[in-house]
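Student: Coordinates for the following, if possible.
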Amino acid sequence: MERSDKIFVAGHRGMVGSAMVRTLATHGYANVVTRDRAELDLRNGGAVSDFFAEEKPDVVVFAAAKVGGIQANIDQPVEFLLDNLQMQNNVISAAYENGVRKLLFLGSSCIYPRLAPQPIPETALLSGPLEPTNDAYAIAKIAGIKLCQSYAREYGANFISPMPTNLYGPNDDFDLRSSHVVAGLIRKAHEAKIDVADELVVWGSGTPRRELLHVDDLASAGVFLLENYDSPEIINVGCGEDVSIRELAELICEIVGFTGELTWDKSKPDGTPRKLLDVSKLSALGWRPRIALRDGLASTYEWFLRNVAPAALSHS
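Tutor: Next up, the predicted model:
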């Protein structure tokens with residue numbers, strides 16, 4: 001990439017998109033184009049085509065998605081499938097039609113089978129059944145991967161697809177109805193501390209294991225891949241280590257300062273038993289994460305206190 005390239009970041013308001021915008025700026029990429037949802041609904045194919053025809057970006061970072069935790073995926077499978085398919089189909093096809101030189105399509109570790117080998121190699125894709133609690137989202141992401149690979153195979157497009165592990169960080173969704181595990185636990189622990197509660201109830205058994213990557217590390221990997229990776233084959237992005245949900249909850253409670261008991265609601269689903277990515281492919285290219293889990297969780301809690309907690313208290 002050239003520092004002067006016009007780069008369209010789709011989904012710049014979200015956790016991943018905002019991190020990509022910040023990281024591109026720190027690497028000297030100043031010509032970044034964004035659009036709010038009110039200005040450009042990516043589900044509207046005509047509007048997307050008009051935008052690309054007018055702006056003619058050189059590079060596209062596709063970080064837009066309808067995302068959520070287990071409950072949100074269970075409640076809204078139609079929206080998780082249809083919205084994501086519409087957005088990515090419109091952007092990927094318009095990118096090719098308007099001469100975009102490179103596109104980065106951000107996938108998800110949810111694409112891999114529920115009982116994939118651990119750590120999960122890229123070759124595990126489509127080798128077994130998906131996790132039922134997020135299969136609609138996973139199917140949409142798999143379709144996006146295959147569309148990028150099809151454009152590469154049929155037309156020679158330079159469309160790449162990193163697969164990030166579980167992410168957390170600033171601009172995460174802290175709404176308990178739709179949040180992922182880190183944001184949900186931070187909010188629950190904070191509110192339990194404020195309420196001087198005796199216990200904090202956590203979904204599931206606490207035994208599943210998750211690999212967690214700070215979103216700024218993902219964005220660093222994204223820029224690295226834009227500069228150094230040109231294969232249509234998917235590539236995992238993670239830190240190569242995982243923790244149990246119990247260990248994660250205990251660490252978050254320690255950081256937040258909640259000293260009550262943790263109790264486990266085993267009537268709620270655990271999700272995939274373990275999800276740890278094999279990151280040897282990316283490591284061999286020379287990229288490594290830099291943010292330790294404790295440091296990342298602490299800074300995320302600080303961001304929550306500044307940006308979410310005041311608004312939450314004002315509406316309580």
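Student: Enumerate every residue touching Val67.
Tutor: Residues in contact with Val67 (C-beta atoms under 8 Å, 6 or more residues apart in numbering) are 14, 137, 173, 180. Placement of C-beta: from N, CA and C, glycine included.
Student: if you look at these, which of them are in helices?
Tutor: Secondary structure from DSSP state H places Tyr137 of the contacts of Val67 in helices.
Student: ranking the contacts of Val67 by neighbours, who comes first?
Tutor: Tyr137 (27 neighbours; other C-beta atoms under 10 Å).
Student: Was I right to think it contacts Gln76?
Tutor: No - under the criterion of C-beta atoms under 8 Å, Tyr137 makes no contact with Gln76, lying 9.6 Å away.
Student: Settle this for me: Lys66 is touching Glu79, isn't it.
Tutor: Yes - under the criterion of C-beta under 8 Å, Lys66 makes contact with Glu79 at 6.0 Å.
Student: what's the distance between the residue sitting nearest the centre point of the chain and Asp5?
Tutor: Among the residues of the chain, the one closest to the centroid is Leu167, at 5.5 Å (C-alpha atoms, centre = their mean). To Asp5, Leu167 is 25 Å away according to C-beta to C-beta, to the nearest Å.
Student: what helix or strand does the residue nearest to Lys66 when sequence neighbours are not counted sit in?
Tutor: Leaving aside its sequence neighbours, Lys66 sits nearest to Asp83 (C-beta to C-beta, 6 or more residues apart in numbering; 4.4 Å). Assessed by DSSP states H and E, Asp83 sits inside helix 77-97.
Student: What are the buried residues along that helix?
Tutor: 77, 80-81, 83-96 (16 or more other C-beta atoms under 10 Å).
Student: Please, where are all the strands along the protein?
Tutor: For the chain, the strands defined by DSSP state E cover 7-10, 32-33, 59-62, 102-105, 159-160, 162-164, 166-168, 199-203, 209-210, 212-214, 235-237, 243-244, 261-265, 274-275.
Student: Export these as a markdown table, with columns for distance to Phe304 and mean pLDDT.
Tutor: Output for these, formatted as a markdown table (distance: least, C-beta to C-beta, whole Å; pLDDT from 0 to 100):
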| stretch | distance to Phe304 | mean pLDDT |
| --- | --- | --- |
| strand 7-10 | 23 | 98 |
| strand 32-33 | 26 | 98 |
| strand 59-62 | 25 | 98 |
| strand 102-105 | 28 | 98 |
| strand 159-160 | 32 | 98 |
| strand 162-164 | 21 | 98 |
| strand 166-168 | 11 | 95 |
| strand 199-203 | 16 | 94 |
| strand 209-210 | 19 | 95 |
| strand 212-214 | 14 | 98 |
| strand 235-237 | 24 | 98 |
| strand 243-244 | 19 | 97 |
| strand 261-265 | 19 | 96 |
| strand 274-275 | 24 | 91 |
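Student: Of all these, which one comes closest to Gly45?
Tutor: The closest of the strands of the chain to Gly45 is strand 7-10. By C-beta to C-beta, the value is 13.9 Å.
Student: residues of the closest one that come out buried?
Tutor: Under 16+ other C-beta under 10 Å, the buried positions of strand 7-10 are 7-10.
Student: and which of those residues is nearest to Leu218?
Tutor: Nearest to Leu218 among these, with distances taken as C-beta to C-beta, is Val9, at 13.4 Å.
Student: Let me see the contact set for the closest one.
Tutor: Going by C-beta under 8 Å, 6+ apart, Val9 touches 17, 20-21, 24, 32-34, 61, 63.
Student: Mind doing that once more with 10 Å?
Tutor: 16-21, 24, 32-35, 57, 59-64, 104, 222 (C-beta atoms under 10 Å, 6 or more residues apart in numbering).
Student: burial measure for the closest residue to Asp58 other than its chain neighbours, as a count.
Tutor: Distances taken as C-beta to C-beta, 6+ apart place Asp5 nearest to Asp58, at 4.1 Å, with adjacent residues excluded. If you count neighbours by other C-beta under 10 Å, Asp5 ends up with 17.
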